[in-house]
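1. Pasting the sequence and the predicted model now:
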Amino acid sequence: MANDITFRISTTRFDEDYAPSSSSRITTNFANLARGEHRQQNLRNALAMIDRRVNDLVGGGADTYRVELDIVSAHLQFDDDAGADREFPLLEVLDIHVVDTATGERHQGIVGNNFSSYLRDYDFSVLLPAANADGGPFTLPDDFGILHGKLFQHFLGSAAYRERYTQSPVVCISVSTSRTYRRTGVEHPVLGFEYEQDSFSLTDEYFGKMGLQVRYFMPHGSVAPLAFYFEGDLLADYSDLQLAGTIATMETFQKIYRPEIYNAHSPAGEVFRPTLEHDDFTRTDIAYDREERSRLGITQGRYTEEHFVTPHRAVLDAWLVADALPTR
């Protein structure tokens, strides 16, 4: 049954000339930056922020390294289905290279970083609201995130992924505003101070179904911890330069999209409860509309229902019942 699906990977350079493809989620961080009248300046400013931050993290000169980003698009293909919806844009992540500006040497960074998924839009913006439409106690559907998790793990085990990437991905996103975080006493030279959450968030559990565990770190020079979702050992499996590339990239996005948390004037203390209600912060020069992103998440979730979940429901249900998709 698992042989009925394969994956095709395409890559797009993310630079000041980037324009989103027709299959990219328009709520994705990098796609959102590349819209509107000031799109090129937005991109140029964001990339400059990333370069400054990676050099700051590794303690080199101001321009010792620069970061090159590629958008990795994974397209799922139903091999035995010749219909119009045979292929679907399953997910997008970022691949990072850190370039030594003196020698030109390109160091492989970490793939993953930003994580974009139409199916996640469906789960959170269509399936979950439908399960709670009656206004009663919060209900989580029994199969919530199961399909998404199986497909993600199947992608990591696919020939398409393994032929290109030798390491497991790391997804780096914002902390949850519904949780409280406390320092553990662990400190890493690049990742900084570790925090622990008071309980697993819905996002933590969702990524858990993808086979990823979570740790939270506030890098030196940062004002709030980031969430790192990974397989294996986050501290041992990646070099300091690789971790610096991920931090520089994702912290830049969060400063733009959640400045109340990541561009606040005061850093997180021993105990930290993130909130978007703070007014003691500085906005970047890059505009972002959070309300639009929420609306588009619903639109994209319904698109997924129409072009992926509904036309392939019989096959997808069979995979869920038979537990046919292999894990790594």
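-> That came through fine. Small disclaimer: the values here were computed from a predicted structure and weren't measured.

2. now residue 214: how far from residue 191?
-> Residue 214 is 13 Å from residue 191, where distance means Cβ to Cβ, to the nearest Å. Using the backbone N, CA and C atoms, a C-beta is placed for each residue, glycine as well.

3. okay, and the common contacts of the two?
-> Here residue 214 and residue 191 have residue 228 as joint contacts, going by Cβ atoms under 8 Å, 6 or more residues apart in numbering.

4. So which of those two has more stuff around it?
-> Taking other Cβ atoms under 10 Å, residue 214 and residue 191 do not tie; residue 191 has more neighbours (27 against 20).

5. give me the element the closest residue to that one other than its chain neighbours is part of.
-> Take residue 191 and drop its neighbours on the chain: the residue closest to it by Cβ to Cβ, 6 or more residues apart in numbering is residue 217, 3.9 Å away. For residue 217, the host element (DSSP states H and E) is strand 213-218.

6. gap between that strand and the chain center?
-> A distance of 14 Å separates the centroid of the chain from that of strand 213-218, by Cα atoms, centre = their mean, to the nearest Å.

7. What helices and strands are in contact with that strand?
-> Strand 213-218 sits against strand 192-197, helix 202-208, strand 226-230, with contacts defined as 3 or more Cβ pairs under 8 Å, 6 or more residues apart in numbering; DSSP states H and E.

8. what angle do the last one and strand 213-218 make?
-> With axes from the mean of the first three to the mean of the last three Cα atoms, to 10 degrees as the basis, strand 226-230 and strand 213-218 are set at 150 degrees to each other.

9. what do you get for the first one?
-> Our comparison of strand 192-197 with strand 213-218, counting by the same axes, to 10 degrees, yields an angle of 130 degrees.

10. Can you name every helix or strand that strand 192-197 contacts?
-> For strand 192-197, the packing partners by 3+ Cβ pairs under 8 Å, 6+ apart come out as strand 181-188, strand 213-218.

11. Quick one: closest of these to residue 254.
-> Closest to residue 254 of those is strand 213-218 (Cβ to Cβ; 11.9 Å).

12. What pairs with the closest one, parallel or antiparallel?
-> Strand 213-218 has its sheet partners listed here by DSSP bridges as strand 192-197 (antiparallel), strand 226-230 (antiparallel).

13. Just send those back as JSON lines, with mean pLDDT and distance to residue 49 too.
-> Output for the strands paired with strand 213-218, formatted as JSON lines (pLDDT from 0 to 100; distance: least, Cβ to Cβ, whole Å):
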{"stretch": "strand 192-197", "mean pLDDT": "98", "distance to residue 49": "18"}
{"stretch": "strand 226-230", "mean pLDDT": "98", "distance to residue 49": "15"}
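
14. Dump the ones you listed to a markdown table, plus mean neighbour count and distance to residue 17.
-> Shown next, in a markdown table, are those (neighbours: other Cβ atoms under 10 Å; distance: least, Cβ to Cβ, whole Å):
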| stretch | mean neighbour count | distance to residue 17 |
| --- | --- | --- |
| strand 192-197 | 20 | 33 |
| strand 226-230 | 23 | 28 |
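
15. Out of those strands, flag the one nearest residue 156.
-> By Cβ to Cβ (comparing all of the strands paired with strand 213-218), the closest turns out to be strand 226-230, at 11.8 Å.

16. just checking, next helix/strand downstream of that closest one?
-> helix 234-237.

17. Pull out the buried residues from the next helix or strand after that next one.
-> Counting by DSSP H and E, the next helix or strand C-terminal to helix 234-237 is helix 240-257. Buried residues in helix 240-257, counted by 16 or more other Cβ atoms under 10 Å: 241-257.

18. sorry, back to before: any chance of the helices and strands packed on strand 192-197 in TSV, with distance to residue 111 and mean pLDDT too?
-> Below are the helices and strands packed on strand 192-197 laid out as TSV (distance: least, Cβ to Cβ, whole Å; pLDDT from 0 to 100):
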stretch	distance to residue 111	mean pLDDT
strand 181-188	21	97
strand 213-218	17	98
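
19. returning to what we had before: show me the contact partners of the strand holding residue 217.
-> Contact partners of strand 213-218, identified using Cβ under 8 Å, 6+ apart, comprise 175, 181, 188, 191-197, 204, 207-208, 224-231, 234, 267-268.

20. So in the protein, where's the weakest helix or strand by average pLDDT?
-> Here the helix or strand of the chain ranked lowest by mean pLDDT, DSSP states H and E is helix 29-33, holding a mean of 57.

21. Show the low-confidence segments of the chain, by residue range.
-> 1-3, 20-38, 80-84, 287-294, 319, 322-328 (pLDDT under 70).

22. one more time with 50, if that's ok
-> 1-3, 25, 27, 324-328 (pLDDT under 50).

23. how about the strands in it?
-> Counting by DSSP state E, residue ranges of the strands within the chain are 5-14, 65-78, 87-100, 106-108, 112-117, 170-174, 181-188, 192-197, 213-218, 226-230, 271-272.

24. Could you list the paired strands of the last one along with their orientation?
-> Put plainly, it is strand 271-272. Short version: by DSSP bridges, strand 271-272 pairs with strand 181-188 (antiparallel).

25. got it, and the fifth one?
-> According to DSSP bridges, strand 112-117 forms sheet pairs with strand 87-100 (antiparallel), strand 170-174 (parallel).

26. That's all I had, so thanks and see you.
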